[in-house]
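Enquirer: Turn this into a structure:
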Amino acid sequence: IFFNRLVVGIGIYFAQEAQRLGRGRKLFMRRFAFSLLIGCCCGAFAVLLPQSQPCLPSSLQNAFHGSSGCILESWLQQLVSGSRYVEAGKVSQEFRGDKDALVMSYEPRAGLFAAQYNPTYCLAAIEMQKDCRVPGIEKYIDNSSSLKPTDFCCRFQDLASLERGEFFNVSDQPKSPMSMGENWPRGPCSGLTWDDKDKVTLDHYSPGAAITLVPPTAVVRNLLVRGAPLVLPMSTVAAFLLGYFLLAACCSTAWIPGGLLVPMMCIGAAAGRLYGMLWHSILGPAPPFKAMPWVPELQPLLQALYPTPSPLPMEPGILAFAGCAAFLSGSGSLVMFVLVLLLEVTLEPFLIPVILISILSARSVTSLMKAHGLYHELINVQSLPFLAETPHWRQSHYVVEDLLRQDAKTQREMFRQNSDLEASQFDREFPELITLSRRATEADIVEALERRLPGEDRTVSVHGFPVVEPPSTEGAGGQLCGLVTREALLGLLVRSRSRSVDV
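Expert: Numbering: from 1, shown residues only. Here you go, the predicted model:
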């Protein structure tokens, strides 16, 4: 609602300014200067946000720390080599049925976390090098699982290099490189760096650049990403939400082609993701949960290397979807459109309850506050003719006299804002009406066409004139006969000269 009020407030200010200045060079220069200023602010925001945020390594450990396993397909392919069926005993009981003999899971790539699951070579490797054992792996293996501690060992190139002592120390929590894709650019971060400890080349990405220096649709996808809860730090999302909120409201009223749908999606997704991160800071760490439920061999290994409880109580990506749905529904008064849109984005039907609850909650709050959607309120800003669904109770009591009094009040307010107008023009109960007598002459028509309403610019012409009965000898007259347009009067002037005409 605050976003709607801000957009409508700026729009009303610009509409009043345009009415006060009129169409001309002065109005054009003001609009051009405002658009130029907003463009510079947007550019500065897109540059300063990545510069002010720390760079993060493009590694599997950073992306999947605390992951729920619901990750992007392009990222998953770098973590696993394929899918296969495994014995049900290898999978935790909460992720399999009681009667399932085989469960489908992914096969992990070897050595991604400076350790590996390799039942074929690990036993011989541990016997050859005692330091190749993964410390503490025993307590993280489920009793109902068929995995053994000797199935896990350090990473090495081959048995010959292992015998020479050339292997990675699993206790140092090393990193494995990962390609995050073009939607996660480096920005101001340095390029490839060589990690001498892990003997790998690591790239870096800028979280700020991932939500400012990419196309708007990519910004939405990055904010809605799931399975990587810490890929966007809390400080980056908070700074983006504040800056983007203000700039989106200003850009919507500037002379810059653009829409409101994608900005509202970005604001809602950022707010939902930030809420999930703030929840953790208030409630504290949550109990540990299985990091990769669909890769059973990696679960004990990740818990041994990262014994700290999961840093987030729930998936920020899910809350980002909820925030996006709530903001679109509450701000734009949209229901079915939001549901269909987000379902097409996710292609996951299990998110329907989350989206529906968010939509209904947002619509209920806006209805209780008697607030209209943004598109509805912009109709009033543009002064477009629009009739409400239900008439106001006083509408049946309005007469023409009430409307004229309101016009006179409006003209008096314009006089107070513009000291160049003569006060005598507004010293009346009703506004001045430019009318024509039913027996008007050519001179009367010319005079009416040249007159202007008080407070209007000299370039603004009156396009319609009420036609009234002329006063009679008995004093009666002034009754409304009809309305004549400016074009019709100009046509009469062409055909008529000095004689009296009947309009």
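Enquirer: use CA for all of it now, contacts and neighbours both
Expert: Noted.
Enquirer: Tell me how many other residues crowd the closest residue to residue 210 other than its chain neighbours.
Expert: Here the nearest residue to residue 210 in space, its sequence neighbours aside, is residue 184; by Cα to Cα, 6 or more residues apart in numbering that works out to 4.8 Å. Other residues lying near residue 184 total 22 when counted by other Cα atoms under 10 Å.
Enquirer: Let me know whether residue 184 touches residue 206 as I believe.
Expert: Yes - using Cα atoms under 8 Å, residue 184 is in contact with residue 206, at 7.1 Å.
Enquirer: for whichever strand or helix holds residue 34, what is the average pLDDT?
Expert: Take DSSP states H and E as the rule and residue 34 turns out to sit in helix 25-52. Per-residue pLDDT over helix 25-52 has a mean of 88.
Enquirer: same deal with stretch 464-477?
Expert: On average, stretch 464-477 scores 72.
Enquirer: same question, stretch 226-244
Expert: 88.
Enquirer: Alpha carbons only: can I get that stretch in PDB?
Expert: Below are the C-alpha coordinates for stretch 226-244, written out as PDB (Å, rounded to 0.1, in the frame of the first residue of the first chain):
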ATOM      1  CA  ARG A 226      16.000 -22.100  -4.100                       C
ATOM      2  CA  GLY A 227      18.400 -24.600  -2.600                       C
ATOM      3  CA  ALA A 228      21.100 -21.900  -2.200                       C
ATOM      4  CA  PRO A 229      20.000 -19.900   0.900                       C
ATOM      5  CA  LEU A 230      23.200 -18.000   1.400                       C
ATOM      6  CA  VAL A 231      24.000 -17.200  -2.300                       C
ATOM      7  CA  LEU A 232      22.600 -13.700  -1.700                       C
ATOM      8  CA  PRO A 233      23.800 -12.200   1.600                       C
ATOM      9  CA  MET A 234      21.200 -10.400   3.800                       C
ATOM     10  CA  SER A 235      23.000  -7.000   3.500                       C
ATOM     11  CA  THR A 236      22.800  -7.200  -0.300                       C
ATOM     12  CA  VAL A 237      19.100  -8.000  -0.400                       C
ATOM     13  CA  ALA A 238      18.300  -5.300   2.200                       C
ATOM     14  CA  ALA A 239      20.200  -2.600   0.300                       C
ATOM     15  CA  PHE A 240      18.600  -3.700  -3.000                       C
ATOM     16  CA  LEU A 241      15.100  -3.600  -1.500                       C
ATOM     17  CA  LEU A 242      15.500  -0.100  -0.200                       C
ATOM     18  CA  GLY A 243      17.100   1.400  -3.300                       C
ATOM     19  CA  TYR A 244      15.000  -0.500  -5.800                       C
END
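Enquirer: Show residues contacting it.
Expert: Contacts to stretch 226-244, defined as Cα atoms under 8 Å, 6 or more residues apart in numbering, come from residues 45, 49, 53, 62-72, 207-208, 211, 267, 270-271, 273-274, 277-278, 312, 315-318.
Enquirer: in it, what's buried?
Expert: 226-241, 244 (16 or more other Cα atoms under 10 Å).
Enquirer: Was I right to think residue 80 contacts residue 73?
Expert: No - between residue 80 and residue 73 there is no contact under Cα under 8 Å: 10.4 Å.
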